[in-house]
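Student: Whatever this is, show me its structure:
(2 chains)
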Amino acid sequence: GESVGLHLPTLSVQEGDNSIINCAYSNSASDYFIWYKQESGKGPQFIIDIRSNMDKRQGQRVTVLLNKTVKHLSLQIAATQPGDSAVYFCAEREGSARQLTFGSGTQLTVLP
Amino acid sequence: DGGITQSPKYLFRKEGQNVTLSCEQNLNHDAMYWYRQDPGQGLRLIYYSQIVNDFQKGDIAEGYSVSREKKESFPLTVTSAQKNPTAFYLCASTEGVGRTEAFFGQGTRLTVV
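Tutor: Prediction:
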């Protein structure tokens, strides 16, 4: 089946810098994408989502960019803080499909 | 506050035993899901349910069973037929299948001893 993957398994950034987490997806029919944050030993938390009729969406300190031409999704975190250290997952869904398909995650570590 | 509650947080199972993981939600969501997460891996769908008394197999249903007798509850049983059950199990819900984001519980870590 289709899968969602991430370019890098780990990412380290200095506190205060901006972080960019990337995600490649292979299902060209996917029309809804979500970013989740998962802290150690906890369930994933919703960060931001975007539909395929958009190429950018902003939240509080986060921005999601969608490039449908190359099937690429990114999450930008501004002024990264120690509390941002976690695993970040992208997930995608096609239309009224039954489930989200998750990538394997990127571990973000914020350095002091 | 509305949310999803999973229990217990940690669970130990002996070889050959069946164990049941609890998932309760008070979000009035129609759809509920069970995912399995292994170290360094993404989430894989075990079972999902769109409405009460109905459920469907996900990608890795073998060795697991579920029931949906109430809208609020979607327990997962890990049977002795599941050969490698040690993992982190996550329950989620959405307003309906295919509707917006999924809300997750805090997970149950199951270990075979």
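Student: In three-state terms, how would A:Gly83 be classified?
Tutor: Following DSSP: H, G, I helix; E, B strand; the rest coil, we place A:Gly83 in the helix state.
Student: Counting neighbours, what do you get for it?
Tutor: 9 (other Cβ atoms under 10 Å in any protein chain shown). C-betas here are computed from N, CA, C, even on glycine.
Student: what's the pLDDT at it?
Tutor: pLDDT, A:Gly83: 96.
Student: how near is it to chain B?
Tutor: From A:Gly83 across to chain B, the span is 17 Å (Cβ to the nearest Cβ, to the nearest Å).
Student: tell me which parts of chain A are close to chain B?
Tutor: Those residues of chain A that sit near chain B, judged by Cβ under 8 Å from any Cβ of the partner chain, are A:1, A:4, A:9, A:34, A:36, A:41-46, A:49, A:89, A:91, A:93, A:95-100, A:102-105.
Student: Distance of A:Asn53 relative to chain B?
Tutor: The value you get for A:Asn53 to chain B, if Cβ to the nearest Cβ is used, is 15 Å.
Student: Pull out the buried members of the residues of chain A next to chain B.
Tutor: Buried by 16 or more other Cβ atoms under 10 Å in any protein chain shown: A:4, A:34, A:36, A:43-44, A:49, A:89, A:91, A:93, A:97, A:99-100, A:102-105, out of the residues of chain A next to chain B.
Student: one step back: tell me which of the residues of chain A next to chain B fall in strands.
Tutor: A:Val4, A:Ile34, A:Tyr36, A:Gln45, A:Phe46, A:Asp49, A:Phe89, A:Ala91, A:Arg93, A:Phe102 (DSSP state E).
Student: Touching, B:Gly42 and A:Leu100? I think so.
Tutor: No. B:Gly42 is beyond contact range of A:Leu100, at 10.0 Å (criterion: Cβ atoms under 8 Å).
Student: tell me the centre residue of chain B?
Tutor: Residue closest to the average C-alpha location in chain B (Cα atoms, centre = their mean): B:Trp34, at 3.0 Å.
Student: closest to chain B among the ones in strands among the residues of chain A next to chain B?
Tutor: Relative to chain B, the closest of those is A:Phe102; by Cβ to the nearest Cβ it sits at 3.9 Å.
Student: Run through the bridge partners of that closest one.
Tutor: A:Ala91 (DSSP bridges).
Student: What residues does it make contact with?
Tutor: Contacts for A:Phe102 (Cβ atoms under 8 Å, 6 or more residues apart in numbering or on different chains) come out as A:Val4, A:Tyr36, A:Phe89, A:Cys90, A:Ala91, B:Tyr35, B:Gly42, B:Leu43, B:Arg44.
Student: contacting residues around the helix or strand that contains the last one?
Tutor: With the criterion set as DSSP states H and E, the secondary-structure element containing B:Arg44 is strand B:43-49. Under the contact criterion Cβ under 8 Å, 6+ apart, strand B:43-49 has outside partners A:44, A:89, A:91, A:98-100, A:102, B:31-37, B:55-61, B:64, B:66, B:68, B:74, B:76, B:89-90, B:97.
Student: what stretches of chain A score poorly on pLDDT?
Tutor: For chain A, applying pLDDT under 70 flags the ranges A:1-8, A:96-98.
Student: Good, wrapping up.
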